[in-house]
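*Asks:* just the structure for this:
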Amino acid sequence: MGGARKGRQAEANAYVPLPIRDGVSPSYLWLTETQAGGMLHFLAGRFPDVPEAAWARRLARGEIVDAQGTPLMPDSPVRQGMRVWYYRELETPETPIPFRERVLFQDEHLLVADKPHFLPTIPTGRFLHETLLVRLKKQFDLPHLTPIHRLDRETAGVVICSHNPATRGAYQSMFQKRVVNKVYEALAGPIEGREFPFTYRSRMQDGEQFFVSTEVPGEPNSETLVELVERRGEVAHYRLHPHTGRKHQLRLHLAALGAPILNDAFYPVALPCKGDDFSAPLQLLARTVSFTDPLNGQPRRFDSSFRLDWPGA
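*Replies:* This is a model prediction of the structure:
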């Protein structure tokens, strides 16, 4: 159904008519067309997975407001240009993720976290409170906290977050300009017929299944330097240096080289969802993030304290 863009967190320096609630920032919809039927009808159609009765309860509690903070009613008009603010809620309880993040560094600008496997970086899908961002907001009371980059839910390791809106752009620009050095480690099958280290390049695009990527013919748009650290029988320990940041780049590249990462449920073949099974973490770790601090010119380096799990160890 048209008529709105998906809600997203507002920039910290913009006026937000709803406060953070239990670590969760409000989201908003920016309406692109006028529609008949009233606000309840619109919301129920825009979010078909949420029961209409749930939207009615939120409206009755005054938890859905316009850009000025005025509570909206079920029959409030839906007009082009409106911004509708609301809290994202889950209709079913979240399963607790039994792994804890660690804080590696914090100053007046940054918070650097060490994310465990299985913990999403930000709220998405069926995850809201069981996410790195919401956990950290609750723990440190940092309303403006936001990740500057992200890791897949399945990947563990270093995540750089900003909590100072005044300096956030300087740190974000480092990632946009690709001047941040990121080093990953992985356990995977052996890669035969290659002399290490070597660089692998390919052209990647979204796959037919929205949650995976695929390789296609054409000019390469992804590049990874692959180093061999150690080999034990049919398992090898790799150090990976991504020179680009395509979705699932490292997972797809190793699978294409005939060495899928251990416990990868997406590559080379997407397997059925394991739900809340935490028994086999993907053996991929964002080991190190380093850069020259754009504010003071000092070198920064942050290393994950997590370790990969060798089979049988």
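*Asks:* what average pLDDT does stretch 148-165 get?
*Replies:* Averaging pLDDT along stretch 148-165 gives 96.
*Asks:* how far is it from where the chain is centred?
*Replies:* 7 Å (Cα atoms, centre = their mean, to the nearest Å).
*Asks:* can you give me the end-to-end distance of it?
*Replies:* One end of stretch 148-165 sits 12 Å from the other (Cα to Cα, to the nearest Å).
*Asks:* can you check stretch 241-254 too?
*Replies:* Stretch 241-254 end-to-end distance (Cα to Cα) = 12 Å.
*Asks:* buried residues in that stretch?
*Replies:* 241-242, 246, 248-254 (16 or more other Cβ atoms under 10 Å). Any C-beta I mention is one placed from the backbone N, CA and C, and that applies to glycine too.
*Asks:* next: stretch 25-35.
*Replies:* Neighbour count says stretch 25-35 has 25-29, 31, 35 buried, by 16+ other Cβ under 10 Å.
*Asks:* next step: these restricted to strands.
*Replies:* 27-29 (DSSP state E).
*Asks:* for this structure, what spans make up the strands?
*Replies:* 8-9, 27-30, 83-86, 102-106, 110-115, 146-147, 156-162, 181-188, 198-206, 213-216, 222-232, 235-242, 284-292, 299-303.
*Asks:* now do the fifth one against strand 156-162, angle only.
*Replies:* Taking axes from the mean of the first three to the mean of the last three Cα atoms, to 10 degrees, one finds that strand 110-115 is oriented at 160 degrees with respect to strand 156-162.
*Asks:* name every strand pairing with strand 110-115 and say which way it goes.
*Replies:* strand 102-106 (antiparallel), strand 156-162 (antiparallel) (DSSP bridges).
*Asks:* can the ones you listed go into TSV with extra columns for distance to residue 45?
*Replies:* Converted to TSV, the strands paired with strand 110-115 look like this (distance: least, Cβ to Cβ, whole Å):
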stretch	distance to residue 45
strand 102-106	42
strand 156-162	35
